[in-house]
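> this is a predicted model, with the sequence first.
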Amino acid sequence: MILQVFLTVLGLAIVIFGAESLVDGASSFARKLGVSEFIIGLTIVGIGTSLPELVVSFTGAFQGNSDVSVGNIVGSNIFNIFVILGVAALVDPIDITKSNLKLDMPVYAAGTLLVILAGMSFALFGIGGGNTLGRVEGVLMVAAFFAYLYYSLKHDDKSSDSGEPAKDRKLWVSLLMTVAGIAALVGGGQLFVDSATNIAHMAGWSDAFIAITILAVGTSLPEFTTCVVAASKHKDSMALGNILGSNISNLFLVLGGSAIIHPLAMDGMSWVDLLFMLGSAVVLIVAAYTYKRSQLDRFEGAGFLLVYAAYFVWLLHTI
């Protein structure tokens, strides 16, 4: 048990180091490529920090364990919005652009709703089976993901950049820092997940509960550290891009890809889990329009954390 606790702490330390390297390298990389920090957060950072979710969900799909594949994504997306964005907003209020409101947030909300409908209701339309996310839906989800990325790149808004200007590093140095940061995030995150999961199994927790708590939180460590570091450097567009990019990647790319590997049964997820995931998308949009228009401030960040605390208390009662 002591060894597992030590490995958990070591994994967390590696993740924090990786986040620093990734944020600095990605900011400089964006400057060299002439794209916005939001796009870098949405693509390289967002997809890169979603690699742990991809590994866990794909492995679950190959093993035919739908609870792990689906629970990991549901739990991660809920955690990303309510906890990571909540903490980031407490560190530094996050500005939201018109493009975020018109495209990115609605895409996340629509994707969340479609995943729920695909898993629970698409049998009504003659596609797949009831309570199952099938290969047809998976192919459509992956295709939709790449279509979204293409549209985002074509309509990049460079005016969204904020914070201190990125250091003018050589392109290869920026790329190396970015890759090294992602590698440290993924490696450290995996070490954390493995050791924390071993501790949870020793405690006798179920696979579904472990997936939606420890695996979800553990695989979200890259997003958490990257987002908080970005917020502390006043790079809120990268922080927001990281979370939206990661959540959209989780839904369309990771969950869609997992369904292609093996149709995913949704039975392990309760309606409360799915509704909280949908609620995370709706609340994000509503928060952007209230109190201080087009900004997630500290008050709303604290509210996000309280919502997750209530959800976690409910989870504890389901053990």
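Yep, it's here.
> and Val55, how far is that from Ser232?
For Val55, the distance to Ser232 (CB to CB, to the nearest Å) stands at 28 Å. In short, each C-beta sits where N, CA and C put it, glycine included.
> hmm, Val307 and Leu82 touching each other?
Rather than Leu, residue 82 is Phe. Yes. Look at Phe82 against Val307 with CB atoms under 8 Å: they come within range, at 5.3 Å.
> which neighbours do the two have in common?
By CB atoms under 8 Å, 6 or more residues apart in numbering, Phe82 and Val307 have these common neighbours: Val283.
> show me the shaky parts of the stretch 201-319 of the chain.
The stretch 201-319 of the chain contains residues with pLDDT under 70 at 207-208, 211-213, 215-216, 219, 268, 290-293, 319.
> what about the residue nearest to Trp314 when sequence neighbours are not counted, how many residues nearby?
The shortest distance from Trp314 to any residue other than its chain neighbours is 6.4 Å, reached at Val272 (CB to CB, 6 or more residues apart in numbering). Around Val272 sit 13 other residues, with neighbours defined as other CB atoms under 10 Å.
> Lys102 now?
11.
> against Val254, how distant is it?
Distance check for Lys102 against Val254: by CB to CB, it reads 25 Å.
> what about the residue nearest to Gly241 when sequence neighbours are not counted, how many neighbours?
On the basis of CB to CB, 6+ apart, the spatially nearest residue to Gly241 that is not a chain neighbour turns out to be Gly41, at 2.5 Å. A total of 31 residues lie near Gly41 under the criterion other CB under 10 Å.
> where in the stretch 51-200 of the chain is pLDDT low?
When residues are selected by pLDDT under 70, those of the stretch 51-200 of the chain lie in 118-130, 157-168.
> in it, which spans are strands?
Assigned by DSSP state E, counting those that start in this stretch, the strands in the stretch 51-200 of the chain fall at 94-95, 132-133.
> so of those strands, which one's packed in deepest?
Comparing the strands of the stretch 51-200 of the chain by mean neighbour count (mean count of other CB atoms under 10 Å), strand 132-133 ranks first with a mean of 24.
> partners of that one in the sheet?
In the sheet containing strand 132-133, its partner strands are strand 264-265 (antiparallel), by DSSP bridges.
> next secondary structure element downstream of the strand it pairs with?
Under the assignment DSSP states H and E, the closest C-terminal helix or strand after strand 264-265 is helix 271-289.
> the helix or strand just after that following helix packs against which elements?
Read in the C-terminal direction, the helix or strand following helix 271-289 is strand 295-296, with elements assigned using DSSP H and E. Other helices and strands packing on strand 295-296, by 3 or more CB pairs under 8 Å, 6 or more residues apart in numbering; DSSP states H and E, are strand 94-95, helix 271-289.
> how about TSV for the ones you listed, with distance to Trp314 added?
Rendered in TSV, the data for these read as follows (distance: least, CB to CB, whole Å):
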stretch	distance to Trp314
strand 94-95	27
helix 271-289	6
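> so which of those comes closest to Asn65?
Counting by CB to CB, Asn65 lies closest to helix 271-289 out of these; the figure is 16.4 Å.
> picking up where we left off before, wait, is the residue nearest to Gly241 part of a helix?
Yes. Residue assignment for Gly41, taken from DSSP: H, G, I helix; E, B strand; the rest coil, places it within a helix.
> touching, it and Met238? I think so.
Yes. At 4.0 Å, Gly41 counts as touching Met238 under the criterion of CB under 8 Å.
> wait, Thr97 sits on Ser36?
No. Proximity of Thr97 to Ser36 does not meet the contact threshold set by CB under 8 Å, at 9.4 Å.
> for the two, indicate the residue with more neighbours.
Between Thr97 and Ser36, counting by other CB under 10 Å, Ser36 is the more crowded of the two (22 against 18).
> need phi/psi at that one.
Here is the backbone geometry of Ser36 (degrees, to the nearest 10): phi -80, psi 160.
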